[in-house]
Structures are given as C-alpha cells and as structure tokens.
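# Based on what follows, work out the 3D shape:
(2 chains)
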There are 2 protein chains.
Amino acid sequence: MRFLLTAFIGLFLSCTQNLEKASKEVRVDLEEDEKVVKSIFDEVLRNGEAYSNLRHLCKVIGPRLSGSPQAEQAVEYTAEVMRRSGFDTVYFQEVMVPKWVRRERAKAFAYLSDTRVELNVCALGNSVGTEGTIRGKVVEVTSFEELEKLGKENVKGKIVFYNQAMDPTFIRTGRAYGTAGFQRWSGPSEAAKYGAIASMNRSLGSSIDDFPHTGSTGYKLNLPKIPASAISTRDAEMLHELLEKEPDLEISLHMDCGMEGEVLSHNVVGEIKGVRDPEKIIVVGGHLDSWDLGEGASDDGTGCMQAIEVLRIFKALDQKPNNTLRAVMFMNEENGLRGGKKYAQLAEENREFHVAAMESDGGGFTPYGFGYTLPDSTMEERIQLWKPLFERREMHVLRRGGGGADIGPLRNQNVPLFGLYVDSQRYFYYHHTSDDLFEKVNDRELHLGAGAMASMIYLIDKYGLE
Amino acid sequence: MRFLLTAFIGLFLSCTQNLEKASKEVRVDLEEDEKVVKSIFDEVLRNGEAYSNLRHLCKVIGPRLSGSPQAEQAVEYTAEVMRRSGFDTVYFQEVMVPKWVRRERAKAFAYLSDTRVELNVCALGNSVGTEGTIRGKVVEVTSFEELEKLGKENVKGKIVFYNQAMDPTFIRTGRAYGTAGFQRWSGPSEAAKYGAIASMNRSLGSSIDDFPHTGSTGYKLNLPKIPASAISTRDAEMLHELLEKEPDLEISLHMDCGMEGEVLSHNVVGEIKGVRDPEKIIVVGGHLDSWDLGEGASDDGTGCMQAIEVLRIFKALDQKPNNTLRAVMFMNEENGLRGGKKYAQLAEENREFHVAAMESDGGGFTPYGFGYTLPDSTMEERIQLWKPLFERREMHVLRRGGGGADIGPLRNQNVPLFGLYVDSQRYFYYHHTSDDLFEKVNDRELHLGAGAMASMIYLIDKYGLE
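This is a model prediction of the structure:
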C-alpha cells in the first residue's frame, strides 16, 4: 500500500508541478486518506443500504409527482430513514409546489386513407389537456428554423411534429439530450406562435423503442398554451414514413391533464453536526419528486438514496466530520425547481456558510468521478491532488462543469458545486418513461456512487476548499 | 479540434518525457488519428450491427455448448455474417472438442427433521452425473485448509459444501471471481481426496439471488470423479443457516450429465487482406461456445459480435489495413480451450507472423480501455502515446495485464496480447447462469466496445508495435 501510494503521488506531482505549492500548503496525506477512503468503499460495498431503501421508495411508494400523495409519503419515508440511520437532526423545509396532474393516459391515432394506427404518446409535464379529442393534419420539422420557413400559412390549425433524434455519436449522452431538448422545452410555444393546435415531439431517448418520454415543457407568456405531447422514438420513425406516403394524414390526440394550482410540500433535511465547525455546511442531495410514468428510480430515487447513504456511512464508520454534513431531498426538480430555490433562499436568509454542495442526478450507474463548478479556480488545484484516490477505483474523471439543478441556485452564494459523474450510456433509455424502474438499478453501481460521494465529502471536509 | 489536440499532446508529453523519443521515432500524428478514430466511433454508434447480430445468435440459435448442434449452427451463422459483411476470406479450422451434456436439470433437496427444502443447484460443466439420486450429510467449509483440518474421518461419505462468497469489496469484480474460484475449479477433486461423495459450491456470483452458476470444473488424475454442483448464493446462505440449526441434515442430489467423448467442431476465421503486408496478421476474437443455461450473451456472444464488427467497420469506412485483419470465433473456451490451442498450433505450423492478438471476453459493457501483455516492454511506450484518443472517449485505462483465454496460447509465440477492459460491475450477475440473456446487453455499450477495439487495431495496424 505504502509503495503504491508513493508511486502515485510521485507520478502525479511530476505531472503537475504548478500544483506543488497548493499541495504543500494543505499537507495532503494520501496514505492516511487512502485508509479512510478504503473503509468507506468497504462499508458501502458490504453493508450499503441505498439499494434496499430505493426498493421501498420505488415499490412501496412509487412515482412521486410534485403535489401528489406519494410525494408526501416519500417525504415521510426519507425522514424516517434518516432518523433510523441516527442522524443528529431531521427536519422539513416548507415549499409551495405546482400540482400538475395526468388524469388519464394520453391516446393518439394516425388516420390513414384505409386504416388508423395507434401511436405511443404521453402528455408532457405542465401541459394543458386537449379538452376532448382534437384532430388535425401534421407538419413534420426537425428545427425551429424549418418551422419558421413554413410559417403561419402552413402551420395554422395543424399539429407540429418535431422529429429530431438524439445524436447517437455523442458518447456523453447528456450532450445529445441537451442538443435535442429544444423540441420538448420550447417546441409547444414555438408551434403556437404559428397557430398550431398541438405539439408532438420525438421522445428524448437513446434507443428506438415504444416508450414515450415525458418531461417538463415551458409555455412562453403571451402565447396560447397548446397541448404538448411526446411520441415514442419507434412511432416517430413510423409516423415519418406514414407522412411520406400520405402527407395529408390526420392525427387525433386526447389528453386529460393540467395544472391544479399550488400545494404545500417539503424538502427533507437531515444532518450530522460538525465537531469543529458545526456552522459550516457540506450539503449532498438528490431530488425526491419524479415523473409519474415509472417509479422515479434512476431519476432520481438513486441520488436521494445515495445522499442519505453518504451520511449513513459516516455514522457507521464513526467518522466525525469537521463541518456539518447535510443530506437534502429536494422537492419539485422536475417541473419547477421550487425545492432547490427555497433551499438557497433559506440558506441566504439564515446566513449559512456552505463549504460545498453536491448532487447526484444522472442515475445510479457506475461512477466515473465528478464534475465541478467552482467560484474560484484555485480550488481546482486542491481537488486535483485527491485524484489518485479515485483513479485507483476506476474513477478517472475530475473535471470542470457539473453540479446539479437543485444545488444550482446556491451558485449565487459562491458555493462550490459538485455533480457525481456516472456512466451515461443507459440513462436515456429509462429517463422519464414507464421503464424508469427499480429493476434497472444495479446495487453495486449504486453503492459505488455513494462511496465516491462519501469519499469526496470526506476530503472536502478534511481539507476544505478555501 | 486542432486546438484541443494540441493541448492534449502538450499535456501528455510533459508527463512522459521519457516517451518522447519513441514518439518521434514513430511520428505519431494524433490529429490525423483522431479523425479516423472519430469516424470509427461515429460509424459504430450510427450503424453498428453487432447488437442485431447478437440478437440472432442468442434468440434464434441460443446456447452453444461445445459439441452441440447449436454450436455448429453458430459456426455457420457467423461465417455467413462475415461473408455478408464482405470479408475477403472466410474459412474454418477443424477442432476436436469434448462433448459434455446436461441431460436434465439437476435437482437437490435439504432434508430437515420435519420438512424438505428444494435447493437451486446445477451441475458444473465436465461433471459426472450422480447415477440415480445420492444422499448424504453435509460438511460446510470456506477453504481447502478447513477441509484438510476436518480430514477423512469427518468428510468421508458426505457432501462437501464450499461456501466462500466472492469478496464484494473488490471493485474489479474479476479479482473477486479469481479469489473465490478455487471451490469450483478444484473443489470437487479436493473433496474426493477425503472421501466425499459429492461437491456443492456456492455460486460464483456478485449478488444474492436464486441463479446457480455453472462453469468448468477440473478433475485431478488419480482421484475419484465425484459429482460437482453449484448452489445459488441465496440458497447457500439458507443452507448455512439450516446447518447451524440441524448439523446432521442430509442433502439429496440428482444430476444426469456427463462426457460423451469428442466430436468435430470448428473455429471460424474471416479476413480482410492487408494491402502492404498481407502476411502479417492482427487477430481479434471472442469465443463462440457458451454454457447451456442461458443464451451465452455476455459470455461471449458479445465478444464474437464485436470482433466481426471491428472488420465490418473497416469495410464500411473503406479503411484498408496494412496488415491482414482476422476475426476469429474460437470454439470451446469454456471447457477445454481447444479452439484457442488449435489456432495457436496452426499459426506456428504455418509460420504465421502475428502483429497482435485481441480478445473481448468480459461482456459487452461500457469499455474502460485495454489491458495488455507484451513480449517486450518497449512496446508499451508506443501504446501509451495513443492514450489521449481513448481518454477523450472516457476510456482511461491502458495498462499491463490482460488478453484473453483464447489468445493466451499465442503468448509462446511472443504475440502482444490485448484484452478489451470493460465496466465489470454487472458481469458476475449473469455469468454462467440462465440469466445470461440478450436483454442484459445494451446496444450502445456493446458498440462502444467494438469502436474501442477497432480504434486500437487501427493504431496497431498503422504504427505497428515493433
């Protein structure tokens, strides 16, 4: 062990001479840290509880749309898990959340000259309903530019069908999601601009299959709110072919869904008090709400259960943190981010000092490391000194860029943000679909992620970032 | 692109000054190589055929135990795929293989004072049958040392139950497999030494579940061949508890299986001729045979389909290799390695020169990079120069150690060996079980592996290793 670590450090310092100064200043003791990090991973791989907790969250409670009874059951359940795990404090933060409801599954048909074909569709989150069934011709586009070219004369009274596939050549699938996301996020309002009666976008998914992917859409002010739906990737390809044969075919769409005001909900907060600087906080979290089609397993039950697991590991190892460690289950990431905003607002009002904030919201897949967004680039030097501890465990990524939606609002308070960075190949097969199930999560992968998070938090807690 | 690559090279060279000489000698042009490597990954991520070929192999043909009709169907099928993909030459190598048959599923019961409990078991490959049903008391051990201590007086006439779990704290799961493997490989003969009537080992698996894991056992000469079985991990834990309550409980075991001599089978070889040095060969392969309980998807349908895909990518991109590229479907890796041995024997007899050999046999999971075993350590310097091309694609591992069972015999001919190194977290959930199914393979992960293999072969082909 000793030899190995010396070798690591030697190699590392020879590559990063400009970091030696920072290194000496903080006296990084990788040999001692390796012992602690090993104990963290051993604990989570032997006795990790995130997986069995996730099973309860997914199978007993189920999907947790903001404002739903299940969301509040999840609030109670995670508070109970935190108490059971011996956290020093467990409390709630009140958050008003939008209550959007999907009263029944959407139905759609394509009407051809001689038959009709059912399409796998779903309503997008926040969408208005169709108030009965609507029916119209279809304009297929792959970009807003195409839509603009077509103009009102070709779009008015029709259903706009966005059919831009996620680019499969992006190895980091999140980038493909980002590039294709416009059709869901802004597609409906953009279509309404030209008088469309509804919007239907190709699902944001990595595979060709029958699952429609829901997710938030955002209506722009001063534009009509038209029904917003998503069609499965396989049916998008089929509809494309049908339209080539019969450009005048019509689609019917029936969606019973809509906003029902706002209701009171909660963030759940659990803490282990710091022994040296209890007023300084390291926060780690995921979002407790989920879409309603599946079980919200990979999005983001995994991140929530990992956040709780991080603190449980500290308790199990009797590893007393210098700073207060805080696990937060954020509410309403999916269609409002109210929990994340409320958390940041309270942190500011209460003049809390956050050493760092970390989120896991990319699924409980094998961890590659972390992305970070720092208020001060000198912090990066210190973080890079810890790299050998992760590289030994096949986690090679410590790089700029990353954090999480819920912790994002803390950026205004100059809080360093960390996002667990995981293997992204499978995420967009399940994301926002009825296939986002507990069964798609692997216990070892989930627990390795929690181990990585606990290790990084141990290092931040020990050395600080300032 | 240009800026990025310059940065990469700059960083890299500053870290590896001792490699500069090698770098200059071979004039590595990472910028040009990046273009080719990108075209390889784009091709496989857009148009990869490994996944649909794998579906046929698993779903239409199914498991492919050496000597079975399905194994020969797979020989014909993969030859057909190679021909269809436009390879220059496709041919067979005759291989005599042992024919072991599992005539029916094994059955076992634990007899308690008031009831009997069925156990999930299977026969190990190569095992003799029980000739009817055998029944006996049980001795539980976790090591050969324990067995030796017990000695003949405590073991004779009983069933030895090896119950050593795979160590969950190994992050590379193959290491845990290696450490716990003794009970399957040598357990039966070791038990026979002390007069046991049968052996039953805890399945070599990463999870607690109901799947018994088969796999080869090896009988030692001059010791009685006793029936060799494996019990699922969950039932191993249960049996342990039952034995604590009732140490004298008996187990019955019924296994109808055994060797039926040897039969003629085949390696399948497909080639793209080199344009500069057609007599020099780069071989890439997987093993076509599989265990019979599942579909042989991750072990090793994935490796076979990736090997074919590598050559298909070269054809699709019209990338003409300097050396001859050869895809080989090795027969009989699981219980004899006859195909790998025969291939090496023929290579020697025909005085073939192999530039390198590569194998994928760790499942079609997200690739991390490669392990290599080199006859000459100076080759390593050159390989390390290519690292930036892989690191950009989240493949950070290029390290010593690795190859594959089938290409292993080529080591005597000083052939540099490469093994695709993949995320290992899920492999031992499926390995050698009825759960080794096509459904467990993800198309993007499989195709990324093929892309990594094709890229490494492109680099070896371009720069050589000498």
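
# so what's the closest residue to chain B within the stretch 251-400 of chain A up against?
In the stretch 251-400 of chain A, the residue that lies nearest chain B is residue A:396 (3.7 Å; CB to the nearest CB). (Glycine included, C-beta is placed from N, CA and C.) Going by CB atoms under 8 Å, 6 or more residues apart in numbering or on different chains, residue A:396 touches A:368, A:369, A:390, B:391, B:396, B:397.

# Domain-wise, how is chain A divided?
The record's domain split for chain A, according to automatic domain parsing, is A:2-100+A:261-463, A:104-255.

# Please identify the deepest-packed of those.
domain A:2-100+A:261-463 (a mean of 21; mean count of other CB atoms under 10 Å in any protein chain shown).

# contacting residues around stretch A:400-410?
Under the contact criterion CB under 8 Å, 6+ apart, stretch A:400-410 has outside partners A:283, A:285-287, A:303, A:328, A:330, A:333, A:337, A:339-341, A:343-345, A:347, A:354, A:357-361, A:370-374, A:380, A:411, A:415, A:417-419, A:421.

# Out of the residues you listed, list just those in helices.
A:303, A:339, A:340, A:341, A:343, A:344, A:345, A:347, A:380 (DSSP state H).

# closest to residue B:171 among these?
Lowest distance from residue B:171 to the ones in helices among the contacts of stretch A:400-410 (CB to CB) belongs to residue A:303, with 20.8 Å.

# Do I have it right that the closest one meets residue A:284?
No: contact between residue A:303 and residue A:284 fails when scored by CB atoms under 8 Å: they sit 9.2 Å apart.

# Give me the common contacts of the two.
Common neighbours of residue A:303 and residue A:284 (CB under 8 Å, 6+ apart) are A:359, A:360.

# In the contacts of residue A:396, find the pair that's most separated.
A:390 and B:391 (14.8 Å).

# got a markdown table for the ones in helices among the contacts of stretch A:400-410, with pLDDT and distance to residue B:222 too?
Shown next, in a markdown table, are the ones in helices among the contacts of stretch A:400-410 (pLDDT from 0 to 100; distance: CB to CB, whole Å):
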| residue | pLDDT | distance to residue B:222 |
| --- | --- | --- |
| A:303 | 98 | 58 |
| A:339 | 98 | 70 |
| A:340 | 98 | 70 |
| A:341 | 98 | 76 |
| A:343 | 98 | 71 |
| A:344 | 98 | 74 |
| A:345 | 98 | 78 |
| A:347 | 98 | 74 |
| A:380 | 96 | 64 |
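
# can I get the residues you listed in TSV with distance to chain B?
Below are these laid out as TSV (distance: CB to the nearest CB, whole Å):
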residue	distance to chain B
A:303	18
A:339	31
A:340	28
A:341	32
A:343	31
A:344	31
A:345	36
A:347	34
A:380	15
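
# could you redo those residues as JSON lines and give each row distance to residue A:455?
Putting the ones in helices among the contacts of stretch A:400-410 into JSON lines (distance: CB to CB, whole Å) gives the following:
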{"residue": "A:303", "distance to residue A:455": "16"}
{"residue": "A:339", "distance to residue A:455": "26"}
{"residue": "A:340", "distance to residue A:455": "24"}
{"residue": "A:341", "distance to residue A:455": "29"}
{"residue": "A:343", "distance to residue A:455": "24"}
{"residue": "A:344", "distance to residue A:455": "26"}
{"residue": "A:345", "distance to residue A:455": "30"}
{"residue": "A:347", "distance to residue A:455": "25"}
{"residue": "A:380", "distance to residue A:455": "18"}
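
# about what we covered before: could you measure the residue of the stretch 251-400 of chain A closest to chain B against residue A:40, distance?
18 Å (CB to CB, to the nearest Å).

# One more: residue A:127?
Residue A:127 is 43 Å from residue A:40, by CB to CB.

# do residue A:414 as well
For residue A:414 relative to residue A:40 (CB to CB), the value is 28 Å.

# pretty sure residue A:272 is in contact with residue A:325, am I right?
Yes: with contact defined as CB under 8 Å, residue A:272 reaches residue A:325; the gap is 4.7 Å.

# What parts of the stretch 51-200 of chain A come near chain B?
A:168, A:169, A:171, A:172, A:173 (CB under 8 Å from any CB of the partner chain).

# Leaving out the residues flanking it, which one is nearest to the fourth one?
The shortest distance from residue A:172 to any residue other than its chain neighbours is 5.7 Å, reached at residue A:424 (CB to CB, 6 or more residues apart in numbering or on different chains).

# Could you look up the SS state of that neighbour?
Three-state call for residue A:424 (DSSP: H, G, I helix; E, B strand; the rest coil): coil.

# Output the contacts of residue A:396 as CSV; include the columns distance to residue A:236, secondary structure and pLDDT.
Putting the contacts of residue A:396 into CSV (distance: CB to CB, whole Å; DSSP: H, G, I helix; E, B strand; the rest coil; pLDDT from 0 to 100) gives the following:
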residue, distance to residue A:236, secondary structure, pLDDT
A:368, 31, strand, 98
A:369, 34, strand, 98
A:390, 39, helix, 98
B:391, 35, helix, 97
B:396, 35, coil, 97
B:397, 37, strand, 97
